[in-house]
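K.L.:
sequence first, then the predicted structure, then my questions.
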Amino acid sequence: MGTRLLAALLAFAGAGATVAGWFLPSPVPAAPDQYASVAVCLGFSALGWLLASRRPELRYGWLLLAAGLSFGLGTLGVGLAAQGAPAFLTHPLSSMFTVFYGLILIFLPLLFPDGQVPPGRRWRIVAWISGVAIAMHFAGTLGMIGFPGGAAEFSASMLLAAVASALGQFVTWIMALVVLGGLVSRWRRAERGERPQYALMVGGFCASLAGMTVLMIFVLQAQQAQLAPTQVHALGAFGALVMVGALPAAIAVAVVRHRLLDIRVGVRGSRLHMVFDLRPTVDEVLSDLGTALEVTTEPVEQLGRLAAAVRSGLELTWAAVALPDGTRVVSGREEGPAVLEMPVRGGLGRIECGPKVSGALTRVDRRLLESLAVPAGLAIQSAGLVARLVNAQEAERRRIERNIHDGVQQQLVALIAGLELARATGGADPGMLADLREQARQTLTDLRELAAGIHPSSLSQGGLVDAVEERCSRLPVRTTVTTSPSLRTRRFADQVEGAMYFTVSESVANALKHAEAAHIDVHLDHHDGRLQATVSDDGKGFDPATTGRRGLATLSDRLDALGGGLTVYSGTGEGTRVNAWVPVDG
């Protein structure tokens, strides 16, 4: 709302100053051609308001508003001077024409079409030189006309002002020709969808230069009294209107016919009225995408929302999000190859773009796609994390199923068969009953071990430290467990204690299976809002880049889901150190 209000105020100030300055020296009511001329002069303010209010992140709308305001203030100064207003008021206002000339001759074509300076150091130098030249022209013009008032007799300061004004005006014209050459070069190199836009800008710029040239001729001829009053009026009005109206007209045609800055103008409904249909801004697309991802929990659906946001934001026939594992979600009807692919940061995947519904992809489209790459990476990372957790849960379920089928289930079958046999014989054989009793005890032991593999009873009853100490006490190598006394009595959430316990268990299991370690050290700590576990061994070590995390990947995902993390440090002959942490309260 703040940017829209500011854009409206600037547009109103520019338009109001133009209207007031135009009609101050004119009779009321004015002739019809006067109103038509004023309408032409309001083009900069009107277009600037349209762009700045809807696309505040683009500098071009604000640049048009600045051009409209500077022209309006200059016109107001001329109008006030015609009414005999004091020089200290009219001179600074009329000097604003120098700023207007600089904007339309240099910065409007230089920053076309989206308010960005063209790539390359030389164009930034051109922009800086042009800014200094416009400032010199403005300051010199103020000094030449005697600001802030008083006698205008010749003085050294006025000579200096005249030199500054002339030099600034000369450099402005030189820079204008340089910018024109660059504009023509960009027109020739532009993509197919952008070429008509640049062609119109080149034509409008050349027309503005021609109008300014005619206006300068009018001023010289008028000063020398070589033209009749009617000729003076016609020549001056023609040059001024062409100079002021050419660029806004070119931009307006580019908007209507070639969708400059993705603005569509059409007719809706049964009644004839104009509708300005602008593509959503970057902030609007990101806001809508964030809301959609928050209410969507399924990973594939999140990827679908992301693909749909890319498709609607860039107005594509189709868009797709592809993951490294082959998962690919498409929004729209995919026809033909992708015209643009954007890799997601971190190698998490890529975004594929089909052709646009109308026209070709522009630099604005590419910047919007780059802005979407960050939430795309988060969505893809979230989807991958959830998928890995689901796969880990499925793998764990199958492991428990196998253990039950191959172990306890077979023991129970044998126990039932023995009981049936004992009943058939009347329980006469004491040895058989003893064997059945031993089988029952063994089955109970196996059930307890199986339950401990799911969630050890020592963890539920005694907490993390007791469970880790019990786990390490049964290891066949020398193992030490160190912790602070205060941590022994602390309890944490079940998911936190479970994640840390199984991380320690898997780490010491890896040390036994692969490291050939003679000593394992486990350290538990809690500080700065983190619960940490470190497992170190003196084994043979390995190269993490080629070997991987040896079964810790699933646990790493589990820690990531809790907001924590896991790191592995190792090297050949250097042993291994595993650090795991999760955030906790207190």
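P.N.:
On my side now, so go ahead.
K.L.:
rest of the way, CA atoms for contacts and neighbours
P.N.:
Fine.
K.L.:
Val117 belongs to a strand?
P.N.:
No. Read with DSSP: H, G, I helix; E, B strand; the rest coil, Val117 is coil and lies in no strand.
K.L.:
I figured Ala13 hits Leu69, correct?
P.N.:
Yes. Using Cα atoms under 8 Å, Ala13 is in contact with Leu69, at 6.6 Å.
K.L.:
neighbour count for these two, which is higher?
P.N.:
Taking other Cα atoms under 10 Å, Ala13 and Leu69 do not tie; Leu69 has more neighbours (28 against 18).
K.L.:
tell me the secondary structure for that one?
P.N.:
helix.
K.L.:
these two touch, right, it and Gly14?
P.N.:
Yes. Assessed by Cα under 8 Å, Leu69 is found in contact with Gly14 at 3.9 Å.
K.L.:
identify the contacts common to these two.
P.N.:
Residues touching both Leu69 and Gly14 by Cα atoms under 8 Å, 6 or more residues apart in numbering: Ser45.
K.L.:
now Phe44: how far from Val522?
P.N.:
72 Å (Cα to Cα, to the nearest Å).
K.L.:
and for Arg490?
P.N.:
For Arg490 relative to Val522 (Cα to Cα), the value is 18 Å.
K.L.:
between those two, who's got more neighbours?
P.N.:
Val522 (22 against 12).
K.L.:
mind giving me the packing neighbours of the helix or strand hosting the more buried one?
P.N.:
Assigned by DSSP states H and E, Val522 belongs to strand 519-527. Strand 519-527 sits against strand 478-482, strand 530-537, with contacts defined as 3 or more Cα pairs under 8 Å, 6 or more residues apart in numbering; DSSP states H and E.
K.L.:
closest to Ala81 out of those strands?
P.N.:
strand 530-537 (73.8 Å; Cα to Cα).
K.L.:
could you give the angle of that closest one to strand 478-482?
P.N.:
160 degrees (axes from the mean of the first three to the mean of the last three Cα atoms, to 10 degrees).
K.L.:
run the chain-centre distance for strand 530-537.
P.N.:
Its chain's C-alpha centre and that of strand 530-537 lie 37 Å apart, by Cα atoms, centre = their mean, to the nearest Å.
K.L.:
how about the strands in the stretch 301-450 of the chain?
P.N.:
318-322, 328-332, 340-344, 349-353 (DSSP state E, counting those that start in this stretch).
K.L.:
buried deepest among the helices and strands packed on strand 519-527, which one?
P.N.:
Across those, the average number of neighbours (mean count of other Cα atoms under 10 Å) peaks for strand 530-537, which reaches a mean of 21.
K.L.:
quick one: residues in contact with that strand.
P.N.:
Contacts of strand 530-537 (Cα under 8 Å, 6+ apart): 500, 504, 507-508, 511, 515, 517-526, 575-584.
K.L.:
buried among those residues? Make that a PyMOL selection.
P.N.:
Selecting only the buried entries of the contacts of strand 530-537 in PyMOL, with 16 or more other Cα atoms under 10 Å as the criterion:
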select buried, resi 500+504+507+508+511+515+517+519+520+521+522+523+524+525+526+575+576+577+578+579+580+581+582+583+584
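K.L.:
can you get me a residue count around Ser484?
P.N.:
12.
K.L.:
which SSE is Thr98 in?
P.N.:
Assigned by DSSP H and E, Thr98 falls in helix 96-102.
K.L.:
centre of the chain to the helix or strand that that helix is followed by, how far?
P.N.:
Next helix or strand after helix 96-102 toward the C-terminus (DSSP H and E): helix 108-110. Relative to the mean C-alpha coordinate of its chain, helix 108-110 is positioned 26 Å out (Cα atoms, centre = their mean).
K.L.:
partners of the strand holding Val522 in the sheet?
P.N.:
When pairs are called by DSSP bridges, strand 519-527 turns out to pair with strand 478-482 (parallel), strand 530-537 (antiparallel).
K.L.:
can you tell me how far Thr483 is from Leu475?
P.N.:
On the measure of Cα to Cα, Thr483 and Leu475 end up 19 Å apart.
K.L.:
which strands or helices does the host helix or strand of Tyr198 pack on?
P.N.:
Here Tyr198, judged by DSSP H and E, is contained in helix 195-223. For helix 195-223, the helices and strands in contact under the criterion 3+ Cα pairs under 8 Å, 6+ apart are helix 156-189, helix 229-258.
K.L.:
between those, which gets the lowest average pLDDT?
P.N.:
Lowest mean pLDDT of the helices and strands packed on helix 195-223: helix 229-258, a mean of 71.
K.L.:
for stretch 555-570, buried residues please.
P.N.:
For stretch 555-570, the neighbour count (16+ other Cα under 10 Å) marks 555-559, 562, 564-566, 568-570 as buried.
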